[in-house]
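sharing a sequence plus its predicted fold:
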Amino acid sequence: MSFDLASEDEEDDDARRNRTRLQKILDSLIKKFFGRAKTNLVKLPVALISLLVGFSMCALIPHPESPQDAFISFTIILLSEFVSSVLYGVDNQGGLLRWLCEGPLAPMIVNCFKIGVLYGLFCDAFKVGS
């Protein structure tokens, strides 16, 4: 039995050695693609939750009947632009919030929350226009 296992290992080694450059490139690209897809699918629920929380927070803060609606919307947009400049500034290409955790999860959560808030303002603008 051990002889059969050794011959299978030798066949695998021969198959690996006899691959062309194109096969090696395609194998590495496929491996990278599936690795990225796996990490992105792990982050997807957290991103969707932060997006929906941002959207619902925007629905709670500005009300169409309040006289300060324009000031509140302006303040929200100003804060989102400040967060964007902090996260994506020239001085700090990696993001300011990278010290919160080892991976890029915290900047992603902040960015998805910001997108949800801005999308909520965009949807509220349609309510005002109708």
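Received, thanks.

buried stuff in the longest helix along the chain?
Across the chain, the helix with the greatest residue count (assigned by DSSP state H) is helix 21-60. Using 16 or more other CB atoms under 10 Å as the burial criterion, the residues of helix 21-60 that qualify are 47, 50-51, 54-55, 58. In short, each C-beta sits where N, CA and C put it, glycine included.

among the helices and strands of the chain, which has the poorest mean pLDDT?
Lowest by mean pLDDT, DSSP states H and E among the helices and strands of the chain is helix 2-17, with a mean of 58.

now P67, what's its secondary structure?
Under the three-state scheme (DSSP: H, G, I helix; E, B strand; the rest coil), P67 adopts coil.

rewinding a little: let's have the buried residues of helix 21-60 in JSON lines, adding pLDDT and distance to L79.
Supplementary listing: the buried residues of helix 21-60 in JSON lines, determined by pLDDT from 0 to 100; distance: CB to CB, whole Å:
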{"residue": "A47", "pLDDT": "87", "distance to L79": "20"}
{"residue": "S50", "pLDDT": "89", "distance to L79": "16"}
{"residue": "L51", "pLDDT": "88", "distance to L79": "17"}
{"residue": "G54", "pLDDT": "87", "distance to L79": "12"}
{"residue": "F55", "pLDDT": "88", "distance to L79": "16"}
{"residue": "C58", "pLDDT": "77", "distance to L79": "12"}
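
in which helix or strand does the residue nearest to C58 when sequence neighbours are not counted reside?
Distance criterion CB to CB, 6 or more residues apart in numbering; nearest residue to C58, sequence neighbours excluded, is G120 at 2.7 Å. Assigning secondary structure by DSSP states H and E places G120 in helix 105-129.

packing partners for that helix?
Helix 105-129 sits against helix 21-60, helix 69-87, with contacts defined as 3 or more CB pairs under 8 Å, 6 or more residues apart in numbering; DSSP states H and E.

circling back: tilt between the longest helix of the chain and helix 69-87?
Calculated by axes from the mean of the first three to the mean of the last three CA atoms, to 10 degrees, helix 21-60 forms an angle of 150 degrees with helix 69-87.
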